[in-house]
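give the three-dimensional model of this entry:
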Amino acid sequence: MGKLYVDAAFLLAFLIYAAHAPTAAYGDVREELDSFLQAQGTNWLPLKQFDVLVRTDEIREPAIVAGFTRTTYERLIFDWDANRFVYAKTSVKESLGDRPYKQSIETGFIVKEGKFRTFDTPERHLPPREVQDFRVVFDNHTVPDFRVLLFMKLGWGSTRTWTEDMANLIDVYPRTATDVSAIAQEGENVVLQAFFDNDSGFRWSFSKDSLMPVEVQWRRRSPQNTETTILGRDEIVWESHKGIFLPEKVVGEYLDRQGRLPPDDLIKQVEQIDGENRAEKIRAFLKENFMDVMVQRDQRFHWVSVNQPLTESVFDFSMIDQADEFRKLLDPNEAGASGLSDKSE
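Residues are numbered from 1 along each chain as shown. Okay, the predicted model is just below:
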């Protein structure tokens, strides 16, 4: 993957935008949105091999429901040409409140040559197993797909991550929008908005220089369009690696729906609801006993390598048997990412 190919890909994306970018008087807003989204797909085409370590910090302040802090490290080492993939994750969640608890998770996998092995704690050293579609392994581990950060939660990890379907979503999904509008031009950024039949939507602020989204808002509006709730918001800082724009930092917040009562109590009370119009009564009960709490989220990326030869030993299935070696993949100092050890950086 040479520099000429990467630069040509970005040039193509820029020409697409230039060809469709509307004037203030005569422009078609939907075409303008299409041009930015086509640029997203074009940006990712040259990415064939990469190694990235990601740190994510989340905090929910105590309110009616308990608060928590969670720190997660994830390592993605992907070789698309050879269909070889390594994913490792560790996450520690601690409560903020009267009921202290601490939850730790370690997981991961290695996929190559039509087989895979998983890493879990407590350690289960199962032999390599065959897999027809390696993306099933991705789904089971909710591997984040940062190509779709412009749709917020889809980029954090969902089903069908790192598939052609997910990549095509960038182009296809916004075409189903029933309401597309231009909000403003803020300096070097273009602000566009799209809503769908279910009254949810997104507002994007795209950079006219990089063509990438620098702010994303996930929104929901009332059926009468009298008020709008921001479900989540991300600000994204991008860095260029040989013409490919890759996320460096994502900082934002999102609403997390939580019950006012412990889950077991909620279930018992719902089961006790009976009589006429039971469905309506349940909806009213859930509306009264659930609340949306804002969670702050700070995500940092360290790109170990991009389109460079990857270390062969990391794809060896025996890594799964060497728990300490597998855990080193998530050590910022081992990855040359000491800055990730301090989230204030």
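
can you count the residues close to the closest residue to Arg175 other than its chain neighbours?
In this structure, Arg175 finds its nearest non-sequential neighbour in Asp34, 7.7 Å apart by CB to CB, 6 or more residues apart in numbering. C-beta: built from backbone N, CA, C; applies to glycine. Residues near Asp34, counting by other CB atoms under 10 Å, number 18.

can you tell me how far Asp34 is from Arg75?
35 Å (CB to CB, to the nearest Å).

again, but for Ile183
Distance from Ile183 to Arg75, by CB to CB: 37 Å.

more neighbours: which of these two?
Taking other CB under 10 Å, Ile183 and Arg75 do not tie; Arg75 has more neighbours (24 against 13).

checking that one next. Helix, strand or coil?
strand (DSSP: H, G, I helix; E, B strand; the rest coil).

likewise Ala335?
Classification of Ala335 by three-state DSSP places it in coil.

cool, Thr226 as well?
Following three-state DSSP, we place Thr226 in the coil state.

what's the burial count for it?
Around Thr226 there are 7 residues (other CB under 10 Å).

pLDDT value on Thr291, please?
Heads up, residue 291 is Met, not Thr. On pLDDT, Met291 comes in at 74.

the host helix or strand of Arg233 packs against which elements?
Per DSSP states H and E, Arg233 falls inside strand 228-241. Under the contact definition 3 or more CB pairs under 8 Å, 6 or more residues apart in numbering; DSSP states H and E, strand 228-241 sits against strand 213-221, strand 244-259, strand 290-306.

which outside residues touch it?
By CB atoms under 8 Å, 6 or more residues apart in numbering, the surrounding residues in contact with strand 228-241 are 149, 152-153, 200, 207, 210, 212-222, 245-255, 297, 303, 306-307.

and the gap between the residue nearest to Arg175 and Gly41?
Taking CB to CB, one finds Asp34 at 11 Å from Gly41.

and if you look at Gln322?
Separation of Gln322 from Gly41 (CB to CB) stands at 38 Å.

between those two, tell me which one has more neighbours.
Gly41 (17 against 12).

tell me, what's the model's pLDDT at the more buried one?
pLDDT, Gly41: 84.

need phi/psi at the residue nearest to Asp79 when sequence neighbours are not counted.
Once flanking residues are discounted, Asp79 sits nearest to Gln49: 5.0 Å by CB to CB, 6+ apart. Recorded main-chain torsions at Gln49 are phi -130, psi 140, according to degrees, to the nearest 10.
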